[in-house]
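[1] Coordinates for the following, if possible.
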Amino acid sequence: MGPIFFLAGIAGAIYLWISAWKNMRAVQKYEFENMTTGGVVQFSDFEAKKKFDWKKQRTTAFVMWGFGSLIGGLMLAIWVSN
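    Sure thing, here's the model as predicted:
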């Protein structure tokens, strides 16, 4: 039963890391397309900036949740196997 929890943790971590990678690519594309000559990202309005910030925060959260899922699955697998 322990390996099932570990494999579930690995699967969850991989899913979250892939989601984070896709999100980061979208953020980088937006930054590239909306960069001014001075190196500043330009936004059309405040809502666009909020959406951009939310995407960056979501990417960081996905990476952290991925590590948590991996470690949690490993700890649960060890606990169940004892």
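
[2] contacting residues for Phe62?
    Leu16, Trp17, Ser19, Ala20, Asn23 (CB atoms under 8 Å, 6 or more residues apart in numbering). From N, CA and C alone the C-beta is placed, and that goes for glycine too.

[3] Not including adjacent chain positions, what is the nearest residue to the last one?
    Same thing as Asn23. Thr59 (4.4 Å; CB to CB, 6 or more residues apart in numbering).

[4] likewise the fourth one?
    Nearest residue to Ala20 in three dimensions, chain neighbours excluded: Phe62, at 3.7 Å (CB to CB, 6+ apart).

[5] host element of the one you found?
    Assessed by DSSP states H and E, Phe62 sits inside helix 46-81.

[6] so how many other residues sit close to the closest residue to Met24 other than its chain neighbours?
    Distances taken as CB to CB, 6+ apart place Thr59 nearest to Met24, at 4.9 Å, with adjacent residues excluded. Using other CB atoms under 10 Å, Thr59 has 19 other residues around it.

[7] for Thr59, what are its contacts?
    So Thr59 contacts Ala20, Asn23, Met24, Val27 (CB under 8 Å, 6+ apart).

[8] now do 10 Å
    The contact partners of Thr59, by CB atoms under 10 Å, 6 or more residues apart in numbering, come to Ser19, Ala20, Trp21, Lys22, Asn23, Met24, Arg25, Ala26, Val27.

[9] How much space separates it from Gly72?
    For Thr59, the distance to Gly72 (CB to CB, to the nearest Å) stands at 20 Å.

[10] ditto for Ala61
    Distance from Ala61 to Gly72, by CB to CB: 15 Å.

[11] Same check on Phe43?
    37 Å.

[12] if we can go back for a sec, have a look at Ala61 and Gly72 and say which one is more surrounded.
    Gly72 (17 against 14).

[13] Quick check: pLDDT value at the more buried one.
    Listed pLDDT for Gly72 reads 82.

[14] Identify each buried residue in the helix or strand hosting Phe32, please.
    Assessed by DSSP H and E, Phe32 sits inside helix 2-33. Within helix 2-33, the residues that count as buried by 16 or more other CB atoms under 10 Å are 5-6, 9-10, 12-13, 16-17, 19-20, 23-24, 27, 30.
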